[in-house]
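# coords please:
(one chain, ligands or ions: 1)
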Amino acid sequence: MTAKKFWTAGGQQLHKPVMFAPAFFLASLFMGGPADAGTIKSVTTDHDKVVITFDDVVNKASVFGLAGPNRIAIDLVGATVGGASPAGGAFKNVRQGQFDPNTARLVLDLDYPAKVGGGSFSADGKTLTLSVIPTTAAGFLDWLGLGRKDFDPPESFRSKKVSQYEVTAPIAKAGSMRGLPKIYGPADARLPLVVIDAGHGGHDPGAISPHGGAREKDVTLAIARATRDELLKTGRVRVALTRDGDSFIVLQDRFGIARKMKADLFMSIHADSAENQTARGGSVYTLSEVASDREAQRFAARENKSDIINGVNLGGADVNVSSILIDLTQRETMNVSAGFAKLLLREAEPNMVLRGTAHKFASFIVLKAPDTPSVLFETGFLSNADDAAFLTTGAGRQSVARSISSAVQAHFARRVAID
Ligand code: ZN
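Below you'll find the predicted structure:
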């Protein structure tokens with residue numbers, strides 16, 4: 001597994017593993033038997049704690065939350081599944097599974113919203129105790145939006161044998177993937193990589209403004225470029241654009257590029273249009289199989305049509321990514337995406353007009369990378385005169401770019417703070 005370094009506010013570098021790819025992609029990639037590992041002896045659960053014991057040292061525990069239904073998942077690196085894990089306390093159910101030859105995964109179904117407040121390994125590294133704190137439904141969502149929290153055994157009681165593997169298997173790559181785009185920013189592969197996707201392009205103009213005729217594909221490219229420049233000013237992230245010209249890219253290739261480049265964050269930029277010209281304001285969309293409202297559903301349906309030109313489906317008809325949505329990795333990615341969406345709205349609020357309910361969920365093809373946190377930023381309505389004026393001027397673009405840059409910085413700072 002590759003280790004990436006993320007920056008902290010103080011400039012200190014920390015190691016952070018990249019997320020797992022879905023188990024079923026991994027299954028065929030492993031060779032040989034399991035690595036040297038401790039076996040789970042017991043799992044006991046209570047209202048205020050979870051205690052896991054092992055018969056030998058392990059390498060690491062990584063804890064994260066999952067919603068719908070609410071669960072706490074614990075990846076135990078350097079461990080294999082073993083002893084009984086009866087349900088109890090805050091948990092209705094406790095399941096064990098061998099996620100890969102080197103990692104046992106515990107999934108604990110919550111009886112009521114609760115989060116892991118902290119935890120530690122015993123001095124001999126063979127017992128992990130996690131504190132469990134009841135919270136509200138909203139508090140649970142906030143917690144899982146923070147992503148994984150890792151716990152390490154004491155250095156001298158840590159399993160050393162962690163199998164090295166790297167997963168590059170892309171899901172259903174459609175169309176031609178020409179050379180990957182240029183990476184801007186410091187030549188330091190440890191810095192997070194943000195891939196910005198200017199929506200539409202080439203023969204697909206997207207929405208066209210009735211107020212002056214601005215085309216969405218030009219507006220999104222100008223915002224993407226301004227965002228790249230703003231992000232580069234921080235010196236703390238690397239940036240790539242899926243397109244830096246007026247070219248057409250099928251939807252699967254847009255997130256495919258982000259996955260191939262091992263992006264840490266993917267953002268697709270769009271501008272909407274509506275028959276009702278008073279509709280205005282930006283919103284942030286994250287992936288869900290169930291649309292949050294009819295507007296979100298219609299918007300997703302329109303955007304997903306980008307690949308269908310003159311009745312020809314350019315994205316390929318056999319791409320069925322929705323089946324992978326049940327995978328825990330995708331759910332975890334969706335949680336982190338939702339966390340970033342919240343940050344983006346918080347940072348955008350002083351700078352631009354937003355919709356009343358500005359975080360929406362819908363099934364966008366472009367957001368379906370299973371392991372890359374992804375959002376679609378719908379920056380405003382080209383059908384609204386004020387929004388169109390805002391989005392087509394340098395000052396407006398700057399406001400959008402600054403909002404994104406602040407949110408990106410807060411996002412990666414937070415991802416470090418919880419590790
Ligand atoms: Zn669009």
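# Quick one: name the residues of this protein near the ion.
199, 206, 270 (C-beta under 5 Å from the ion). For the C-beta atoms, the positions are set from N, CA and C on the backbone; glycine is no exception.
# Which of these fall in strands?
Applying DSSP state E to the residues of the chain next to the ion, the entries found in strands are residue 270.
# need the residues of the chain next to the ion in CSV with pLDDT, can you?
Formatted as CSV, these follow (pLDDT from 0 to 100):
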residue, pLDDT
199, 96
206, 94
270, 97
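# can I get the residues of the chain next to the ion in JSON lines with neighbour count?
Listed next are those as JSON lines, based on neighbours: other C-beta atoms under 10 Å:
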{"residue": "199", "neighbour count": "30"}
{"residue": "206", "neighbour count": "22"}
{"residue": "270", "neighbour count": "30"}
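# In the stretch 251-400 of the chain, which residue sits nearest the ion?
Proximity of the stretch 251-400 of the chain to the ion (C-beta to the ion) peaks at residue 270, 3.5 Å away.
# Need phi/psi at the closest residue to that residue other than its chain neighbours.
Leaving aside its sequence neighbours, residue 270 sits nearest to residue 199 (C-beta to C-beta, 6 or more residues apart in numbering; 4.1 Å). Dihedral angles phi and psi of residue 199 (degrees, to the nearest 10) take the values phi -60, psi 150.
# Can you give me the pLDDT of residue 107?
Among the per-residue scores, residue 107 holds a pLDDT of 85.
# any idea how far residue 62 is from it?
As for residue 107, its distance to residue 62 is 13 Å (criterion: C-beta to C-beta, to the nearest Å).
# Have a look at those two and say which one is more surrounded.
residue 62 (21 against 16; other C-beta atoms under 10 Å).
# Pretty sure that one sits in a strand.
Yes - checked against DSSP: H, G, I helix; E, B strand; the rest coil, residue 62 lies within a strand.
# That one and residue 103: what is the separation?
Separation of residue 62 from residue 103 (C-beta to C-beta) stands at 9 Å.
# Overlap in contacts, these two.
By C-beta atoms under 8 Å, 6 or more residues apart in numbering, residue 62 and residue 103 have these common neighbours: 75, 77.
# How about the secondary structure of residue 305?
Here residue 305 is recorded as helix under three-state DSSP.
# With residue 107 instead?
When classified by three-state DSSP, residue 107 comes out as strand.
# Any idea what it is bridged to?
Beta-bridge pairing for residue 107 (DSSP bridges): residue 73, residue 95.
# How much space separates it from residue 335?
Distance, residue 107 to residue 335, using C-beta to C-beta: 14 Å.
# what does residue 408 give?
Using C-beta to C-beta, residue 408 is found at 18 Å from residue 335.
# how about the helices in the stretch 101-250 of the chain?
Along the stretch 101-250 of the chain, counting by DSSP state H, counting those that start in this stretch, helices occupy 137-145, 216-234.
# Keeping just the C-alphas, turn stretch 76-91 into PDB.
Extracted in PDB, the C-alpha atoms of stretch 76-91 (Å, rounded to 0.1, in the frame of the first residue of the first chain):
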ATOM      1  CA  LEU A  76      -7.200  -4.000  11.700                       C
ATOM      2  CA  VAL A  77      -4.100  -4.000   9.600                       C
ATOM      3  CA  GLY A  78      -1.800  -7.000  10.300                       C
ATOM      4  CA  ALA A  79      -4.700  -9.000  11.800                       C
ATOM      5  CA  THR A  80      -6.900 -11.900  10.700                       C
ATOM      6  CA  VAL A  81     -10.400 -12.700  11.800                       C
ATOM      7  CA  GLY A  82     -10.900 -15.000  14.700                       C
ATOM      8  CA  GLY A  83     -12.700 -15.300  18.000                       C
ATOM      9  CA  ALA A  84     -16.300 -14.500  18.900                       C
ATOM     10  CA  SER A  85     -17.600 -11.000  18.700                       C
ATOM     11  CA  PRO A  86     -21.100 -11.000  20.400                       C
ATOM     12  CA  ALA A  87     -23.200  -7.800  20.100                       C
ATOM     13  CA  GLY A  88     -23.900  -5.700  23.200                       C
ATOM     14  CA  GLY A  89     -24.000  -2.100  24.500                       C
ATOM     15  CA  ALA A  90     -24.300   0.400  21.800                       C
ATOM     16  CA  PHE A  91     -24.200  -2.200  19.100                       C
END
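# Which strands or helices does the longest helix anywhere in the chain pack on?
Across the chain, the helix with the greatest residue count (assigned by DSSP state H) is helix 394-417. Applying 3 or more C-beta pairs under 8 Å, 6 or more residues apart in numbering; DSSP states H and E, one finds that helix 394-417 makes contact with strand 3-7, strand 13-17, helix 216-234, strand 265-272, helix 328-348, strand 374-381, helix 385-391.
# The longest one: which residues count as buried?
Translated: helix 328-348. Residues of helix 328-348 classed as buried: 328-345, 347-348 (neighbour count, 16 or more other C-beta atoms under 10 Å).
# which residues does the residue of the stretch 251-400 of the chain closest to the ion contact?
The contact partners of residue 270, taken as C-beta under 8 Å, 6+ apart, are 199, 200, 206, 216, 220, 303, 376, 377, 378, 379.
# Least reliable of the helices and strands packed on helix 394-417 by average pLDDT, please.
Lowest mean pLDDT within the helices and strands packed on helix 394-417: strand 13-17, a mean of 34.
# any idea how far residue 382 is from residue 207?
Computed with C-beta to C-beta, the distance linking residue 382 and residue 207 is 5 Å.
# Among these two, which residue is more densely surrounded?
Using other C-beta under 10 Å as the criterion, residue 382 and residue 207 rank with residue 382 on top: 27 against 23.
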